[in-house]
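>>> predicted coordinates and the sequence they were generated for:
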Amino acid sequence: MSSFRYKILLVEDDQGILRFLRASLKDQGYDVIEATTGADALQMTSSHCPDLILLDLGLPDMDGNAIIESVRSWTRTPIIVISARTTEQDKAEALDRGADDYLSKPFGQIELMARIRTALRHTNTSAEDDGIALEGKLRVGELTVDYRRRRVYLGERDTGLTPNECRIVALLGRHAGMVLTYRTILRELWGPSASSDNKILRVHMASIRRKIEPDPSEPRYIHTEIGVGYRMAEE
Ligand code: CA
């Protein structure tokens, strides 16, 4: 068994939630460091280099979104937002500023731990990779994304996705298990000045789903986070 332990910075001003999360994380074998204000969170991020940050947005001295922006100006350390704010706009804003994932309170402990494992695995496998091009393949159920060939297969059959459709699936596949906002997808695929009109994405997604989903009205592979973005299922 590996003796390596991930260090998680827990940023939360509610003592009850802090106690619950601290116990849950330690129980899973994580080292936990804590901050109850935004200023402390920033200071501890730079001095302790955590492997992951769990961030409450409503803090006494700063808004969590400002913390995300500040942290992102110097590090790609994964940030999972845990917040009582539940609107689509709140989620999209945090993700667009650079959060990796978003959980609305109240959330289940099992789901939180799964999201943490996904975020940590993601940094381990793609920290150096800033394009869509990637060696290897992603397999989810019957679906195979071949990154090198830029083809997507269902079983043995080529799904016949167009190049743009392939790029969307490859991008989501590279971040499997995580939600990508519409804006992130548009920006990654068509550059920083891409239109912010989600309509083009919805049209592409409808076509992708007709080609890869056994039942496009009940997607198995690419899930919609309504008003926020899309999430590729994990292996
Ligand atoms: Ca709070």
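Yep, that arrived.
>>> next, count neighbours for the closest residue to residue 93 other than its chain neighbours.
The spatial neighbour of residue 93 that comes closest, neighbours along the chain excluded (CB to CB, 6 or more residues apart in numbering), is residue 65 at 6.1 Å. C-beta: built from backbone N, CA, C; applies to glycine. Residue 65 sits with 20 neighbouring residues when counted by other CB atoms under 10 Å.
>>> need the contact partners of the helix ranked longest in the chain.
Looking only at the chain and at elements set by DSSP state H, the helix with the highest residue count is helix 109-126. Surrounding helix 109-126, the residues in contact under the criterion CB atoms under 8 Å, 6 or more residues apart in numbering are 6, 8, 21, 24, 28, 30, 51-52, 54, 76-78, 80, 82, 100-101, 103, 134, 174-178, 234.
>>> if you set the cut-off to 6 Å instead, what comes out?
Contacts of helix 109-126 from elsewhere in the structure, counted by CB atoms under 6 Å, 6 or more residues apart in numbering, are 24, 28, 52, 78, 80, 100, 101, 177.
>>> what mean pLDDT does the helix or strand just after it get?
For helix 109-126, the following helix or strand on the C-terminal side (DSSP states H and E) is strand 137-140. Per-residue pLDDT values across strand 137-140 average out to 87.
>>> could you do stretch 207-216 as well?
For stretch 207-216, the per-residue pLDDT averages 94.
>>> what residue in the chain comes nearest to the ion?
Evaluated by CB to the ion, the chain has residue 58 as its residue closest to the ion, separated by 3.7 Å.
>>> any idea what that residue is bridged to?
In this structure, residue 58 has beta-bridge partners residue 63, where bridges are defined by DSSP bridges.
>>> for the chain, which residues are neighbours of the ion?
Within the chain, the positions lying close to the ion (CB under 5 Å from the ion) are 13, 56, 58.
>>> most neighbours among these, please name it.
residue 56 (25 neighbours).
>>> residue contacts, that one?
Residue 56 touches 11, 12, 82, counting by CB under 6 Å, 6+ apart.
>>> what is the burial count for the nearest residue to it once chain neighbours are set aside?
With CB to CB, 6+ apart as the criterion, residue 56 has its nearest non-adjacent residue at 4.5 Å, and that residue is residue 12. Here the count is done by other CB under 10 Å, and residue 12 has 22 residues near it.
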